[in-house]
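Trainee: Quick one, fold the following:
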Amino acid sequence: MAWNPILTPALVGLSWAAYFALHSVLASSRFKRAAFTRWPGLAGGYRLLYNLAAIVALAPPVYLTFATGAPPLWTWDGPAGWVADGLGALGAAGFVATLFAYDLGEFTGLRRAMPKEEREGRRLRISGFHRFVRHPWYAFALVMIWTREMNPAMLAAATVTTAYLVIGSRLEEGRLIEEFGDRYRTYRRAVPGLVPLPWRILSAEQARDFESAP
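Mentor: A predicted model of the protein is given here:
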């Protein structure tokens, strides 16, 4: 794709915004209720179909981001490059490790999600990473994104993705409050969302107390 200093980053940003908008619509309770009413049999396999659709829809924005031939805005050289690569590797390792804090069968859609009536009364689970931030997966993703070298197209993609992760974390918390109520509100007051703060870290004992709270 021919490089244009204004149109290309705008097109990349719009493509990522469209992807995240589709992602949010397909994940919304309103859309799922409408879809399940129209096609009741879809409920059992919806999570798997949702994930497959998200992967397929990811192709256009990724292609636009890396096919522009845009000149670099900044690069990491020498010791700065080692630090950036080290942080990026730690972010990737943390991102993968965080996956195991969730129910991977339900998350991927390979196992049917627990019905809503069975989810009520579940314990709030706080993994080691969740003692430091409420959304470790998003936090590690941001580390990976912002430790990379940037050109205008990648910067547009990084900016839109960051905005989505911040907004998405807030929307996700609405669902968590609906499920866990005051237990999650108390946890939210105790632990920051995306950026660890030394004075807002749960000890292992405090995390166990949160998990065992009625």
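
Trainee: Show the contacting residues for the most centrally placed residue in the chain.
Mentor: Nearest to the mean C-alpha position of the chain, by CA atoms, centre = their mean, lies Tyr138 at 4.4 Å. By CB atoms under 8 Å, 6 or more residues apart in numbering, Tyr138 lies in contact with 165, 168-169, 194. All C-beta spots, glycine's among them, are computed from the backbone N, C-alpha and C.

Trainee: Show me what the host helix or strand of Arg208 is packed against.
Mentor: Under the criterion of DSSP states H and E, Arg208 resides in helix 204-212. If you count contacts as 3 or more CB pairs under 8 Å, 6 or more residues apart in numbering; DSSP states H and E, helix 204-212 packs onto helix 182-190.

Trainee: what mean pLDDT does the helix it packs on have?
Mentor: Across helix 182-190, pLDDT averages out at 89.

Trainee: in it, what's buried?
Mentor: For helix 182-190, burial by neighbour count (16 or more other CB atoms under 10 Å) applies to 183-184, 187, 190.

Trainee: what do you get for stretch 15-32?
Mentor: For stretch 15-32, a neighbour-count test (16+ other CB under 10 Å) marks 15-17, 19-20, 23, 26-27, 32 as buried.

Trainee: Next: stretch 155-163.
Mentor: So for stretch 155-163, counting by 16+ other CB under 10 Å, buried means 155-162.

Trainee: Kindly export it (C-alpha atoms) in PDB.
Mentor: Extracted C-alpha coordinates of stretch 155-163, given in PDB (Å, rounded to 0.1, in the frame of the first residue of the first chain):
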ATOM      1  CA  LEU A 155       1.600   4.500  16.400                       C
ATOM      2  CA  ALA A 156      -2.000   4.900  15.200                       C
ATOM      3  CA  ALA A 157      -2.700   1.200  15.900                       C
ATOM      4  CA  ALA A 158      -1.000   1.400  19.300                       C
ATOM      5  CA  THR A 159      -3.000   4.500  20.300                       C
ATOM      6  CA  VAL A 160      -6.400   3.000  19.200                       C
ATOM      7  CA  THR A 161      -5.600  -0.300  20.900                       C
ATOM      8  CA  THR A 162      -4.600   1.500  24.200                       C
ATOM      9  CA  ALA A 163      -7.800   3.400  24.200                       C
END
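
Trainee: Show me which of the buried residues of helix 182-190 is closest to Gly86.
Mentor: Of all the buried residues of helix 182-190, Ala190 has the smallest distance to Gly86: 29.8 Å, by CB to CB.

Trainee: could you list every residue that touches that closest one?
Mentor: 200, 202, 206, 210 are the contacts of Ala190 under CB under 8 Å, 6+ apart.

Trainee: among these, who's most crowded?
Mentor: When neighbours are counted by other CB atoms under 10 Å, Phe210 leads these with 20 neighbours.

Trainee: Surely that one is in contact with Arg185?
Mentor: No. Phe210 lies out of contact with Arg185 (CB atoms under 8 Å); the separation is 11.5 Å.

Trainee: Can you show me the helices along this protein?
Mentor: Chain-ordered helices for the chain, with DSSP state H as the definition, fall at 7-27, 29-38, 46-57, 59-66, 78-99, 104-108, 116-119, 136-146, 152-180, 182-190, 204-212.
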